[in-house]
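Participant: everything below, folded, please.
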Amino acid sequence: MNSDERFAKLVDKKNHLRSVLEKVGVGKGHHLVLHASYRKIRSAFPGLTIKNLLETLQKLLTPAGSLIMPTFTYCFKKKLGNSKIYSPDLTPSEVGAVSEYFRHMPGVTRTASPTHSFALWGKVSSEIMSENCPASPLGKGSVLEWITNQPQSYILGMGIDFSAMSYCHYLEIQAKVPWADVFPWDFMGIEKKGVSITGEQILIEVPGCSKSFINFEKYLLQNKFIISFQHRHLNIYYMPVKLLYEQGMVYFKENYIDMLCEPGKCQACDVRRQLIRKMDP
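Facilitator: Modelled structure (predicted):
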């Protein structure tokens, strides 16, 4: 295969991806949070690179829209020993290869939260400064609050389920679930503080376990509020944030116990479950 043939094959792959993304609804001026499993995407689009994926999304959205990815690092203060210190420029993302690549792309900025940072491109980067570092990492003042208040805002999931969807943590806080400000990670020897190159930050409403967010996913699918698009066994969600917020307020308030893992299966969830037992008469 000569260089021209290789280029033509690459163009076909990128155009095919673009066609799939357009079919699920991605469009000009949309503001979206991307959660992606590159391993599963590559299986559905053989030969597609992370760069191809992100550049295709940017071209569809245009700079009038926004592309956002979590780049969480979990730089909490340790009770003993040295803590990992968050640097927006240097600390790698702990939540996937796509997010790590994205944060290095031209025009992308990264927020200053030592535990739950985001990489931003497009309109959002002119409205949320790189210094963004709310005490509630995924609550008031966060990138997730910004996306909630935007028209034409979406969550794009590619090869993931709701256990990877950060927006559900924002819903927990907004729905005022009983344990929203109960720190569940004490057993890991860390404190309710983030550590960065600018110093320590006391945190509130620290996100806990996300495994049982799949129960919210099942609820949305069963009631046909969302659709799962399939492409060569790759599961794709393109979900309006407004819909997720409205349904989340109902579901999380009425079924908050379903947001915890079964008793004895998760220490973080057991910590929060103890609070519920104390609240029961």
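
Participant: Tyr170: what secondary structure?
Facilitator: With DSSP: H, G, I helix; E, B strand; the rest coil as the basis, Tyr170 sits in helix.

Participant: check contacts around it.
Facilitator: Contacts here follow C-beta atoms under 8 Å, 6 or more residues apart in numbering; on that basis Tyr170 touches 138-139, 142, 144-145, 148. Yep, even glycine has a C-beta here, placed from its N, CA and C like the rest.

Participant: got it, and Cys261?
Facilitator: When contacts are counted by C-beta under 8 Å, 6+ apart, Cys261 is found next to 209, 211-212, 269.

Participant: and the contacts of Tyr170, which of them are in helices?
Facilitator: With DSSP state H as the criterion, helices contain 144-145, 148 from among the contacts of Tyr170.

Participant: most neighbours out of the residues you listed, which is it?
Facilitator: Using other C-beta atoms under 10 Å as the neighbour test, the ones in helices among the contacts of Tyr170 are led by Leu144, with 27 neighbours.

Participant: now that one. Nearest residue, chain neighbours left out?
Facilitator: Tyr170 (4.1 Å; C-beta to C-beta, 6 or more residues apart in numbering).

Participant: quick one: residues in contact with the helix or strand hosting Glu100.
Facilitator: If you go by DSSP states H and E, Glu100 is part of helix 97-102. Contacts to helix 97-102, defined as C-beta under 8 Å, 6+ apart, come from residues 34, 36, 38, 50-51, 53-54, 67, 69-71, 92-93, 108, 119, 121.

Participant: check stretch 69-80 too.
Facilitator: In contact with stretch 69-80 (C-beta under 8 Å, 6+ apart) are residues 33-35, 83-86, 91-95, 98-100, 102-103, 110, 114-119, 166, 185, 189-196, 200.

Participant: of the residues you listed, keep whichever come out buried.
Facilitator: 33-35, 83, 85-86, 91, 93, 95, 98-100, 102-103, 110, 114-119, 166, 185, 190-196 (16 or more other C-beta atoms under 10 Å).

Participant: returning to what we had before: which of the contacts of Tyr170 lies closest to Glu262?
Facilitator: For those, the closest approach to Glu262 (C-beta to C-beta) belongs to Leu138, at 24.0 Å.

Participant: not counting sequence-adjacent ones, nearest residue to Lys176?
Facilitator: Lys253 (7.7 Å).

Participant: number of residues surrounding the one you found?
Facilitator: There are 13 residues near Lys253, going by other C-beta under 10 Å.

Participant: so what does whichever strand or helix holds it touch, helix or strand wise?
Facilitator: Assigning secondary structure by DSSP H and E places Lys253 in helix 241-254. Contacts defined by 3 or more C-beta pairs under 8 Å, 6 or more residues apart in numbering; DSSP states H and E place helix 241-254 against helix 143-148, strand 153-158, helix 167-174, helix 214-222.
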